[in-house]
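K.L.:
Make a model of this:
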Amino acid sequence: MGRFIYDTLGNSVEIDDRTLAHLRIVIMNKLRRSEPFMFDIDLPRGGERRSYWIHPSVPLQFHFSGSRQPRINRYWVEELMQVASGPSGLSLVPEPTDEGAPEVG
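P.N.:
Here you go, the predicted model:
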């Protein structure tokens with residue numbers, strides 16, 4: 001399990017490395033385009049949900065627990081980018097399971 005760390009106060013949430021790698025690409029691309037957005041995520045315990053305002057002025061860190069870079073599914077990245085560009089902002093959607101879809105990485 002990796003960690004998405006928001007701001008300098010150590011606000012963080014655990015996210016598995018594979019999902020975190022995909023989120024990192026999406027967040028990086030949105031910020032590169034100067035497109036701030038809301039990121040909502042369900043916490044693993046207790047049914048809580050957190051919302052983070054993603055903006056270039058807020059420090060972010062992505063800590064990965066594994067030493068290997070997960071394979072990237074470009075279809076999942078594209079779907080997450082579409083969701084992030086919508087009115088509700090970024091939230092996790094299931095990874096496409098199309099076995100014929102090529103993976104990059």
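K.L.:
so how far is Y6 from W53?
P.N.:
From W53 across to Y6, the span is 9 Å (CB to CB, to the nearest Å). (Glycine included, C-beta is placed from N, CA and C.)
K.L.:
Looking at the two, which is more packed in?
P.N.:
Neighbours of W53 and Y6, each counted by other CB atoms under 10 Å, are more numerous for Y6; the result is 19 against 12.
K.L.:
For the spatially closest residue to the more buried one that is not a sequence neighbour, give its distance to R71.
P.N.:
Ranked by CB to CB, 6 or more residues apart in numbering and with sequence neighbours excluded, the top spatial neighbour of Y6 is Y52, at 5.1 Å. Applying CB to CB, the value for Y52 to R71 is 26 Å.
K.L.:
Which one's more surrounded, the two?
P.N.:
Per other CB under 10 Å, whichever of Y52 and R71 has more neighbours is Y52, with 20 against 10.
K.L.:
thought the more buried one was touching M38?
P.N.:
Yes - between Y52 and M38 there is a contact under CB atoms under 8 Å: 7.2 Å.
K.L.:
where does S91 fall, phi/psi-wise?
P.N.:
Dihedral pair for S91: phi -140, psi 160, per degrees, to the nearest 10.
K.L.:
Likewise for I5?
P.N.:
Backbone torsions for I5, taken as degrees, to the nearest 10, come to phi -110, psi 130.
K.L.:
cool, and R24?
P.N.:
Torsion angles, degrees, to the nearest 10, at R24: phi -60, psi -40.
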